[in-house]
Every structure is written in structure tokens, then in C-alpha cells.
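Student: Any chance you can model this:
(one chain, ligands or ions: 1)
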Amino acid sequence: MTQPASNAAVVLVIEDEAPIRRFLKVSLTEHGFVFKESLTGNDGINKAALEAPDLIILDLGLPDMDGLEVTRRIREWSTVPIIVLSARGSDKDKVNVLDAGADDYLTKPFSVPELLARVRVALRHAAMIAPEPDGAKFSVGNIRVDLVKRQVFVGDVEVHLTPIEYRLLVAMIQHAGKVVTHNQLLRQIWGEGYGEESHYVRVFMAQLRRKVEEDPARPKYLITEPGVGYRLKVE
Ligand code: CA
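Tutor: Predicted structure coming up:
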């Protein structure tokens, strides 16, 4: 086991199930994170305030309150990244907690590489307080976007997107690596009054994929998260 560096990220795990806490403790400490734990929602909210963790991993099913309530309470005063743990088949719970401000989710059972990928993406997003100098240009695979000139290239060929397609692509870039719900995309692209029209997103996502994906039926970058939304795959 490696000794955590002095600048190691502190991860608070709020989870009542001992085997999952143990799995997270071993996986995270082995990869240089500092591990803290809470067994209830109330204790988790207190520790989120007292220990100022860099990231929270939160189980949706806790003995004293559900993860949705814990997320809402923490979001009243903190922007700390929150990754929720959910059981398979609880899409509605995932969507609700993401819309309440959680950053991402892991479906049980999950692997160590999945866990580490989600944790790294969430920490990287949290660190992006100011735009980076090269933040005006984004590339993934053979897709390149110049956010200043509003140009999109696939390989060397410029692709012309409609304004909505372009805003959808930019929204996915802003959340690169993280899941984005239909609701979040609707509000960001069409405005606050929207939330139920997830077919809008599906239509424009299909159009966008036809323009930037090699095989739109099997997208490599603009991935569907079934029942939840989409993820721009970056690693
Ligand atoms: Ca639980």
C-alpha cells in the first residue's frame, strides 16, 4: 500500500454496507487517496462539512435518509463532486439525484478501473475553476472543436452543425467524461422552461452522431446511458 502524498485527495464514502466500504477503502487507499467513511446520511452531511473532502461517494440507500436528500442538503452549501452508488435498474433514482446536483454514478457491482475513471473525471472537473489556456480547443478521437471560431472538424474535414447541434456538442464537451441527464441538456440548450421534452435531445443527438461519428448506430464518443442520458467518452 502506497503512502498518500500530502496533496492526496480526500474521499468521503457514505455507505452503510460494510463489504462495499471495505472494497472502496482498499481500492482508493491503494491508489493514493485518503479514505474517510460515514455509515449514515446524517453523519455523512456532518463529515462533508467538517472534513472538507475533495470528493464524496454516496450510496443512495442509507438507513436514516436517502441519497437524494443527502445530495440536496450538501448542495445547499458545497460544490464538492458527488458520485452516487446505485442498484441496477433504478434509473429514475439516478436521474433524480443527478438533477439534484450529483456529478456521476456507479452501478453496483462496479470494478476498480470504473471507480478510478469516475473519480478522476469528477476531480478533474472540480479543478477546472478557471478555463485552461487551451480550453478554447477540444478534441476527442478524430473530432476537433474550436470553441472560439465555432468550427467542428472530423479528421481534416470541417463539419457544419446547426446551432442546436453545436450547442448540444458544446454541452457534452463541457461535461466530458461525465454523465449528463436529458433534463440537464434540455435546460442548458433550450432553457429553464424545458424538462420533459427528452425526445428533442434524442432527435438532435441522432443528427449530431450522423455528422461526427464514423458509425452513428455504434457511437464511439457520444454514448447513450440507458434511461439516464448521455456521456461523451474521453478515455
Ligand atoms: Ca446501502
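
Student: Assign a three-state SS to the residue in the chain positioned nearest to the ion, would you?
Tutor: Distances between the chain and the ion by C-beta to the ion are smallest at Gly61, namely 3.8 Å. The way it works is simple: take the backbone N, C-alpha and C, and place the C-beta from them, glycine included. Here Gly61 is recorded as coil under DSSP: H, G, I helix; E, B strand; the rest coil.

Student: measure it to Ser86 for me?
Tutor: 8 Å (C-beta to C-beta, to the nearest Å).

Student: Surely the residue of the chain closest to the ion is in contact with Leu68?
Tutor: No. Counting by C-beta atoms under 8 Å, Gly61 sits too far from Leu68 to count as a contact (10.5 Å).

Student: the more surrounded of these two?
Tutor: Leu68 (19 against 14; other C-beta atoms under 10 Å).

Student: element containing the more buried one?
Tutor: Using DSSP states H and E, Leu68 sits in helix 67-75.

Student: Buried residues in that helix, which are they?
Tutor: By 16 or more other C-beta atoms under 10 Å, the buried positions in helix 67-75 come out as 67-68, 70-71, 73-74.

Student: Now the phi/psi pair for Arg144, please.
Tutor: Main-chain torsions, Arg144, degrees, to the nearest 10: phi -120, psi 140.

Student: quick one, what contacts the closest residue to Gly41 other than its chain neighbours?
Tutor: Once flanking residues are discounted, Gly41 sits nearest to Met65: 4.0 Å by C-beta to C-beta, 6 or more residues apart in numbering. Taking C-beta atoms under 8 Å, 6 or more residues apart in numbering, we find Met65 in contact with 40-42.

Student: ok, back up a step: and the helix or strand that comes right after the helix holding Leu68, how far out from the chain middle?
Tutor: Next helix or strand after helix 67-75 toward the C-terminus (DSSP H and E): strand 82-86. Relative to the mean C-alpha coordinate of its chain, strand 82-86 is positioned 10 Å out (C-alpha atoms, centre = their mean, to the nearest Å).

Student: so what does the worst-scoring helix or strand of the chain on mean pLDDT touch, helix or strand wise?
Tutor: Across the helices and strands of the chain, mean confidence by mean pLDDT, DSSP states H and E is lowest for strand 137-140: a mean of 87. When contacts are defined as 3 or more C-beta pairs under 8 Å, 6 or more residues apart in numbering; DSSP states H and E, strand 137-140 packs onto strand 143-146.

Student: Partner strands of the strand it packs on, with direction?
Tutor: Here strand 143-146 has these sheet partners by DSSP bridges: strand 137-140 (antiparallel), strand 151-154 (antiparallel).

Student: can I get those in JSON lines with mean neighbour count?
Tutor: Formatted as JSON lines, the strands paired with strand 143-146 follow (neighbours: other C-beta atoms under 10 Å):
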{"stretch": "strand 137-140", "mean neighbour count": "16"}
{"stretch": "strand 151-154", "mean neighbour count": "17"}
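
Student: Right, I'll leave it there.
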